[in-house]
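Asker: When you get a sec, could you give me coordinates for this:
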Amino acid sequence: MNFPLAGLKVLDLSKVLAGPLCAQMLSDFGAEVTKVEPIDIGDETRHWPPYDAQGCGAVFLSANRNKRSIALDLKSAPGQRIAHQLAAAADVVIESFAPGVAARLGVGRETLLGVNPRLVYCSISGYGQHGPLSALPGYDLILQAFSGMLSITGEPGGGPVRSPMSPIDQATGMNALSGILAALVQRERTGKGAAIEVSLFDSAAGLLGYTLQNYWQSGKLPGKSGSGHPSLCPYQVFQAQDRDILIGIPNDNLWNRFCKAAEAPQAASDPRFATNGARVKHAAETIALVQQLIGSRTCADWLERLTAAGVPAAPLNSLQDLLDHPHMQARGMVLEGATGKTIAAPVTFDGVRPAMRSAPPGLGEHSRQILAELGYGDGDIDALLSAGVAQSAQAGAAGKP
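Answerer: Numbering: from 1, shown residues only. Okay, here's the model as predicted:
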């Protein structure tokens, strides 16, 4: 089938995770994505272990399928001219240089919008394009620390715990995606492109939205709560006879169902536990009561009982448990290609999930092809490669031509 963005051309000047993930989602939705990478090095995540058989890093493999790669020296005038030619034919440009760097490389917002006024130009940075911290480099973990996120993760009394899925990077990529899609709709109405800015800083603040709202309303600075929730109780991990189980009870109807399934009617009528507000107020007593009940049976027994009662609960699975689960197979969330497995786009269109049309590219794998499409002859391409303006590589190469 033709996916919604078929025919759209995207120039991906970004690196690491936020920008590449955004560009990959656009490619999953049908867009044609050309990834521009620096000579010799390429996207730095190519070199982050663990590696595939070709020596390419797992993070790169997770965020760069369905793209073509051209390696260019953007510090050179010929390299910048090639980038301008690509931008002239593109609908979207995504860049994640530090503020001011794109302009110095000749691919800044003003320059490329001058080349193509219909461009949707998206800038991604650590702390934003302006503000007292805008010049600082920003990575996901740095923003987890600076934003205060690390002050609320982990067990009470314990040290800071990094969220290992890079949530700020991934949220930034999705914020960029939503902004780009909105700007494309606007372009259909106005005929004009737009400049979009997203940052890890803004995305971190956005992720903390309801947490900060809780702070403003309560006046209490939130601390670490382990697997628990400051506004809901019980809503955390408990220890069954044989293994851990997470139980989530966000309303009083589910609490009553839980009490019935647990054969504890007195807990439903006890004023300390009758409402969520009361349970939060008496959280220590609520948690102790629920733990006493949960500890009396196995995890499987509780899952059977709670599922039958419609009470949300889940075992604490490993990643392998997830991959082996029949629901994972039924949802089609694992794609398999010639180079291995990857997680699919979490979106379907008319019941069809986007496929892996092509594996993540080698550094400069499509340089010759892309230059030829721009009108360069074989001799011109050879000259550009010899001069180090461009670089070509074999399919699947990790970064070495």
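Asker: from here on, contacts and neighbour counts on C-alpha atoms
Answerer: Fine.
Asker: In the lengthiest helix in the chain, which of the residues would be classed as buried?
Answerer: Using DSSP state H to define each element, the chain has its longest helix at helix 167-190. Residues of helix 167-190 classed as buried: 167-177, 179-181, 183-184, 187 (neighbour count, 16 or more other Cα atoms under 10 Å).
Asker: chain center to the helix or strand following that helix: distance?
Answerer: Later in the chain than helix 167-190, the nearest helix or strand by DSSP states H and E is strand 194-199. Chain-centre distance of strand 194-199: 17 Å, with Cα atoms, centre = their mean, to the nearest Å.
Asker: In the sheet, which strands lie alongside strand 194-199, parallel or antiparallel?
Answerer: strand 120-125 (parallel) (DSSP bridges).
Asker: residues making contact with the strand it pairs with?
Answerer: 18-19, 91-99, 109, 113, 138, 172, 176, 180, 183-184, 193-200 (Cα atoms under 8 Å, 6 or more residues apart in numbering).
Asker: coming back round to it: now do the longest helix of the chain: distance to the chain's middle.
Answerer: 13 Å.
Asker: Equivalent analysis for stretch 296-306, please.
Answerer: 34 Å.
Asker: which sections of the chain are below the confidence cut-off?
Answerer: Along the chain, the parts satisfying pLDDT under 70 run over 394-401.
Asker: can you do 90?
Answerer: 1-2, 337-340, 393-401 (pLDDT under 90).
Asker: Next, name the residue at the spatial heart of it.
Answerer: In the chain, the residue lying closest to the centroid (Cα atoms, centre = their mean) is Gln170, at 2.2 Å.
Asker: Name the residues that touch the strand or helix carrying Glu285?
Answerer: Assigned by DSSP H and E, Glu285 falls within helix 283-294. Contact with helix 283-294 is made by Cys233, Pro234, Phe238, Gln239, Ala240, Gln241, Ala262, Phe273, Arg279, Trp302, as judged by Cα under 8 Å, 6+ apart.
Asker: Give me the subset of those residues that lies in helices.
Answerer: Checking these against DSSP H, those in helices are Arg279, Trp302.
Asker: Redo the contacts of helix 283-294 as TSV? Include neighbour count and distance to Pro117.
Answerer: As requested, those are exported to TSV (neighbours: other Cα atoms under 10 Å; distance: Cα to Cα, whole Å):
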residue	neighbour count	distance to Pro117
Cys233	28	53
Pro234	29	54
Phe238	23	57
Gln239	19	59
Ala240	22	61
Gln241	15	64
Ala262	19	64
Phe273	25	61
Arg279	22	57
Trp302	22	60
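Asker: Out of the contacts of helix 283-294, which comes closest to Gln129?
Answerer: Cys233 (40.9 Å; Cα to Cα).
Asker: ok, back up a step: tell me the angle the longest helix of the chain makes with strand 120-125.
Answerer: With axes from the mean of the first three to the mean of the last three Cα atoms, to 10 degrees applied, the angle from helix 167-190 to strand 120-125 works out at 160 degrees.
Asker: could you say what helices and strands helix 167-190 packs with?
Answerer: helix 18-28, strand 120-125, helix 140-146, strand 194-199, helix 200-207 (3 or more Cα pairs under 8 Å, 6 or more residues apart in numbering; DSSP states H and E).
Asker: Any idea which of those gets closest to Gln54?
Answerer: Here helix 18-28 is closest among the helices and strands packed on helix 167-190 (Cα to Cα), at 20.0 Å.
Asker: quick revisit: any chance of the contacts of helix 283-294 in a markdown table, with distance to Val10 too?
Answerer: Below are the contacts of helix 283-294 laid out as a markdown table (distance: Cα to Cα, whole Å):
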| residue | distance to Val10 |
| --- | --- |
| Cys233 | 46 |
| Pro234 | 46 |
| Phe238 | 47 |
| Gln239 | 49 |
| Ala240 | 51 |
| Gln241 | 53 |
| Ala262 | 55 |
| Phe273 | 55 |
| Arg279 | 51 |
| Trp302 | 49 |
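Asker: What is the nearest of the contacts of helix 283-294 to Ala330?
Answerer: Trp302 (24.4 Å).
Asker: Leaving out the residues flanking it, which one is nearest to that closest one?
Answerer: Ile294 (7.5 Å; Cα to Cα, 6 or more residues apart in numbering).
Asker: Distance from the helix holding Glu285 to the middle of the chain?
Answerer: 35 Å.
Asker: Just the C-alpha atoms of it, please, in CSV.
Answerer: Only the C-alpha atoms of helix 283-294 are listed here, as CSV (Å, rounded to 0.1, in the frame of the first residue of the first chain):
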residue,chain,number,x,y,z
ALA,A,283,-0.4,5.1,51.7
ALA,A,284,1.9,3.2,54.1
GLU,A,285,-1.1,1.3,55.6
THR,A,286,-2.6,0.7,52.2
ILE,A,287,0.6,-0.7,50.8
ALA,A,288,1.2,-2.9,53.9
LEU,A,289,-2.3,-4.3,53.6
VAL,A,290,-2.0,-5.1,49.9
GLN,A,291,1.4,-6.6,50.4
GLN,A,292,0.1,-8.9,53.1
LEU,A,293,-2.7,-10.1,50.7
ILE,A,294,-0.4,-10.4,47.6
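Asker: neighbours around the residue lying closest to Arg305 once chain neighbours are set aside, how many?
Answerer: Distances taken as Cα to Cα, 6+ apart place Ala261 nearest to Arg305, at 6.1 Å, with adjacent residues excluded. Neighbours of Ala261 under the rule other Cα atoms under 10 Å: 19.
Asker: ditto for Glu285
Answerer: 14.
Asker: roughly how far apart are the residue lying farthest from the centre of the chain and Asn256?
Answerer: Most distant from the centre of the chain: Gln266, at 44.6 Å, with distances by Cα atoms, centre = their mean. As for Gln266, its distance to Asn256 is 10 Å (criterion: Cα to Cα, to the nearest Å).
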